[in-house]
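Chemist: predicted coordinates and the sequence they were generated for:
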Amino acid sequence: MGRFELFRHSPWALLAALLTYVAGIVLVLLVFFGGSGYWTRVFSYATFVSAALFLHLISDSPWRRRRIVRSLWKMREEALLLAGSVESSVPLEKLIWRTEFADTFQRCIAVKIVGSLAVDPRLMKTAAPAVARQLLTDNPFVRHAAAETLYQLPSLAGMLQARLTVVAEEFSHESCGRIAQRTLDRVRAQK
Amino acid sequence: MFANRRFSLNWSPVERETVTIHSSHFLETEIPLSPHHAEDIFEDLRNFAHFDGGHNAVAVVYGKRQDGVEYAMFHTGHVFGLISSLVNDVVVAVRLGCQPGTREIQGDTCDGHMLIGQRRWRIVSQPHSTVIQTEAFERPNGRINRIGMLLLGRYFLSKVWSSYLRNIQDALDVRATLGVAEPDDTKGNPWEPRDPYTACNGKI
């Protein structure tokens, strides 16, 4: 996950950053070389507006989070729509890729959505291991989201009992460990 | 990082005098839940097992026990806007405690939180229904947060807790009514952190 990860997934932020950059350079040139007052004013406004837009788009605000959730749900719909077809793996792969992002919020929601797809027999083979991987990730928020996903999806949890046992033992001091233990209890009670 | 940080409450005696906001959200089922089911939901509440995702697009959470104390760690982002990131932590801690023998969890805000106050989550069994409720007496921490709270903070706070209850409703799969009491200002916080602290130790 490089430093330009944000731009790869937010073309509007990239556009705003480029606008800020270009408008800023033109503004500096106009100031230095004494351009007309009209154009200096226009580029001052352009720099200010694009910088404000850029800051708004990169800030981890509730609006940005809502956009993220919308885009992830859109990918989920595409994955379900294409399930079973030749190009079926593309949206699911994109979703799984998001479970590995640096952005904690995005990872958590992506894990939950991938989990909801894993109950579909056509997508299970790819989606289930992705959720299992996140159970033992370094990020405690993502571990919690993965454990929560399995708690809500007992059919998927039944397949990942070994991994859940590890989580319950290794993270008994965390909510993910307790949720994993409760999931295991629930799965065993159903047998 | 936040994982190994020690937390202390951001409360002070002034809370007894300062204006706090009282808010309440509840989910009332149309038929009462069995005691076993209610206990199950209480454990879910304690672990925030239905918090992430679903209707909630504002924050994510995890719980941890550190030195015998339970904390809920909320990843809120810049919930009060961009300026909020200058004064608040992105991950904020709430100390969780339980009153033994009851189905109630108390959450006291810790240092770095944008609020100062207490939130409670409880399950109340009634003759014809079961109520899952979250109620809080809290106030914004500092001037910048007060402005944020006036602008959109209240909306997003309310959104977090109503979404959480809606997630619980989806998980319960029972007919239930979601209610939000209009927030009102009160002079002084009538609640205070439990002393001595009692952790939530699993089944009641």
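Modeler: Arrived safely.
Chemist: any idea which helix or strand in chain B has the lowest mean pLDDT?
Modeler: Lowest mean confidence among the helices and strands of chain B (mean pLDDT, DSSP states H and E): helix B:84-87, at a mean of 72.
Chemist: quick one: contacts of it?
Modeler: A:59-60, B:78, B:114, B:142, B:144-145, B:148 (CB atoms under 8 Å, 6 or more residues apart in numbering or on different chains). No exception for glycine: its C-beta is placed from N, CA and C like everyone else's.
Chemist: select only the buried ones of the residues you listed in ChimeraX?
Modeler: Per 16 or more other CB atoms under 10 Å in any protein chain shown, the buried members of these correspond to this ChimeraX selection:
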select /A:59,60 /B:78,114,144,145,148
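Chemist: for A:Ala146, give me its contacts.
Modeler: A:Ala146 touches A:111, A:115, A:131-132, A:134-135, A:137, A:176, counting by CB under 8 Å, 6+ apart.
Chemist: run the last query once more with 10 Å
Modeler: Neighbour list for A:Ala146: A:99, A:107-108, A:111-112, A:114-115, A:130-137, A:139, A:160, A:163-164, A:167, A:176, A:179-180, B:52 [criterion: CB atoms under 10 Å, 6 or more residues apart in numbering or on different chains].
Chemist: what's the answer for A:Leu184, then?
Modeler: By CB under 10 Å, 6+ apart, A:Leu184 lies in contact with A:150-151, A:157-158, A:160-161, A:164-165, A:167-168.
Chemist: just the buried ones from the contacts of A:Ala146?
Modeler: A:99, A:107-108, A:111-112, A:114-115, A:130-135, A:137, A:139, A:160, A:163-164, A:167, A:176, A:179-180, B:52.
Chemist: so where's chain A shaky on pLDDT?
Modeler: Residue ranges of chain A with pLDDT under 70: A:1-10, A:86-88.
Chemist: also chain B?
Modeler: In chain B, residues with pLDDT under 70: B:1-4, B:79-83, B:85, B:202-204.
Chemist: which helix runs longest in it?
Modeler: Taking DSSP state H as the criterion, chain B has its longest helix at helix B:154-172.
Chemist: pull out the buried residues from that helix.
Modeler: Neighbour-count burial for helix B:154-172, counted by 16+ other CB under 10 Å, picks out B:156-157, B:159-169, B:172.
Chemist: send the alpha carbons of that helix over as PDB?
Modeler: The C-alpha trace of helix B:154-172 is given here as PDB (Å, rounded to 0.1, in the frame of the first residue of the first chain):
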ATOM      1  CA  ARG B 154     -25.400  15.700  17.000                       C
ATOM      2  CA  TYR B 155     -26.700  14.300  13.700                       C
ATOM      3  CA  PHE B 156     -23.700  12.000  13.300                       C
ATOM      4  CA  LEU B 157     -23.800  10.900  17.000                       C
ATOM      5  CA  SER B 158     -27.500  10.100  16.700                       C
ATOM      6  CA  LYS B 159     -26.800   8.300  13.400                       C
ATOM      7  CA  VAL B 160     -24.200   6.000  15.000                       C
ATOM      8  CA  TRP B 161     -26.500   4.800  17.800                       C
ATOM      9  CA  SER B 162     -29.700   4.500  15.700                       C
ATOM     10  CA  SER B 163     -27.700   2.500  13.100                       C
ATOM     11  CA  TYR B 164     -26.300   0.300  15.800                       C
ATOM     12  CA  LEU B 165     -29.800  -0.500  17.000                       C
ATOM     13  CA  ARG B 166     -31.000  -1.100  13.500                       C
ATOM     14  CA  ASN B 167     -28.200  -3.600  13.000                       C
ATOM     15  CA  ILE B 168     -29.300  -5.300  16.200                       C
ATOM     16  CA  GLN B 169     -32.800  -5.400  14.900                       C
ATOM     17  CA  ASP B 170     -31.700  -7.000  11.600                       C
ATOM     18  CA  ALA B 171     -29.700  -9.600  13.600                       C
ATOM     19  CA  LEU B 172     -32.600 -10.300  16.000                       C
END
